[in-house]
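**Q** below are the sequence and a predicted model for it; my questions follow.
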Amino acid sequence: MTCDQAKTLIEPYADGELEAGAILELERHIHDCSACAVAWSNLQALKKTLKQDSLYFSAPAELRRRIKSELPSSARAISPRPAWNWNWNWLTTAMSGAFAVCLALLLVVAQSRPSPEQQLVQGIVSSHVRSLMPGHAMDVASTDQHTVKPWFNGKIDFSPPVKDLASEGFPLTGGRLDYVNERNVAALVYQRNKHMINVFVWPSKEADSKPTPVRPSQGYNLIHWSDAGMAFWAVSDLNQKELMEFVRGFSAKANKP
């Protein structure tokens, strides 16, 4: 099974719509493919988030009380013969109130929904956290940039810049494939004492921009920049000053042949 085939089956698999044979084949592929395993993990996390109580809203009791108060007594009384003596004024009022409540709820949901950038930051931080788990940090472990860079050949559709920053105190330790922003990306792994730094790289149409700190998320610092048709995100629990020092060294060497 190829990655393209697997990606079309992951959502039906999550919804319990696959046959037994397809499930076994997909599970074997997910076990062997780190990128598809990340896609499956991200989908599980999304489904879990959508089930949270905070995303569901109940109509307020005030709306029920207003509707009942507008009902004519004949409509509230129990009668053996249905008497549809409707007063359209109360019905119009009730419908207007219901529409106002629904509109307010939609506004609340829209305002509480993360922006595209916030969703991207959440995805990057989630990938960083997963990499901290034993056995998830690297697909290729090496301090040699001439070993790590060629490892990506044929695995992704671009060539990430891999730089040696050991002399600046940020040694390269390896790299891996990851899945961010609905695509496969390169993750370059560096070290600062006991702090891991992930640099996520993928092609982008963004205009070149200088490294800019992004609001920390879940206690992790992030710095974003773009250069030569590539988007870069550095994330770590390292303090922002040292992380910016690393990024400046990385971006400076990335511009050198």
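**A** Right, received. Where do you want to start?

**Q** just checking, Cys3 touches Ala35?
**A** Yes. Cys3 is within contact range of Ala35, at 6.4 Å (criterion: CB atoms under 8 Å). No exception for glycine: its C-beta is placed from N, CA and C like everyone else's.

**Q** what about the two, which has more around it?
**A** Set Cys3 next to Ala35 and count neighbours by other CB atoms under 10 Å: Ala35 wins out with 21 against 12.

**Q** identify the contacts common to Cys3 and Ala35.
**A** Common neighbours of Cys3 and Ala35 (criterion: CB atoms under 8 Å, 6 or more residues apart in numbering): Asn184.

**Q** quick one: end-to-end length of stretch 224-232, please.
**A** End-to-end distance of stretch 224-232 (CA to CA, to the nearest Å): 6 Å.

**Q** name the residues of it that are buried.
**A** His224, Trp225, Ser226, Asp227, Met230, Ala231, Phe232 (16 or more other CB atoms under 10 Å).

**Q** confirm Leu120 sits in a strand?
**A** No. Counting by DSSP: H, G, I helix; E, B strand; the rest coil, Leu120 is not found in a strand; it is helix.

**Q** spatially nearest residue to it, not counting backbone neighbours?
**A** Asn181 (5.7 Å; CB to CB, 6 or more residues apart in numbering).

**Q** where does Leu26 sit: helix, strand or coil?
**A** Leu26 ends up helix, using three-state DSSP.

**Q** just to check, it is in contact with Tyr13?
**A** Yes. Between Leu26 and Tyr13 there is a contact under CB under 8 Å: 5.7 Å.

**Q** and the two? Which one has more around it.
**A** Legend: neighbour count by other CB under 10 Å for Leu26 and Tyr13, higher for Leu26 (21 against 17).

**Q** for Tyr179, give its distance to Ser236.
**A** Between Tyr179 and Ser236 the distance is 19 Å, computed by CB to CB, to the nearest Å.

**Q** ok, back up a step: how about the contacts made by the residue nearest to Leu120?
**A** Here Asn181 is in contact with Leu120, Gly123, Trp202 (criterion: CB under 8 Å, 6+ apart).

**Q** if you set the cut-off to 10 Å instead, what comes out?
**A** Pro116, Gln119, Leu120, Gly123, Ile124, Phe200, Trp202, Ser204, Ala231, Trp233 (CB atoms under 10 Å, 6 or more residues apart in numbering).

**Q** now do the host helix or strand of Leu9: distance to the chain's middle.
**A** Applying DSSP states H and E as the criterion places Leu9 in helix 3-14. Chain-centre distance of helix 3-14: 18 Å, with CA atoms, centre = their mean, to the nearest Å.

**Q** show me what it is packed up against.
**A** With contacts taken as 3 or more CB pairs under 10 Å, 6 or more residues apart in numbering; DSSP states H and E, helix 3-14 sits against helix 20-32, helix 34-50.

**Q** show the average pLDDT along the last one.
**A** Model confidence over helix 34-50, given as mean pLDDT, is 76.

**Q** which pLDDT value goes with Leu106?
**A** pLDDT, Leu106: 60.

**Q** correction: the previous question concerned His224.
**A** 97.

**Q** list the contacts for the residue lying closest to Gly169 once chain neighbours are set aside?
**A** Counting by CB to CB, 6+ apart, Arg192 is the residue found nearest to Gly169 once chain neighbours are left out, at 6.6 Å. By CB under 10 Å, 6+ apart, the residues touching Arg192 are 165, 168-171, 236-239, 242-243, 245-246.

**Q** and the two most separated of these?
**A** Glu168 and Asp237 (18.9 Å; CB to CB).
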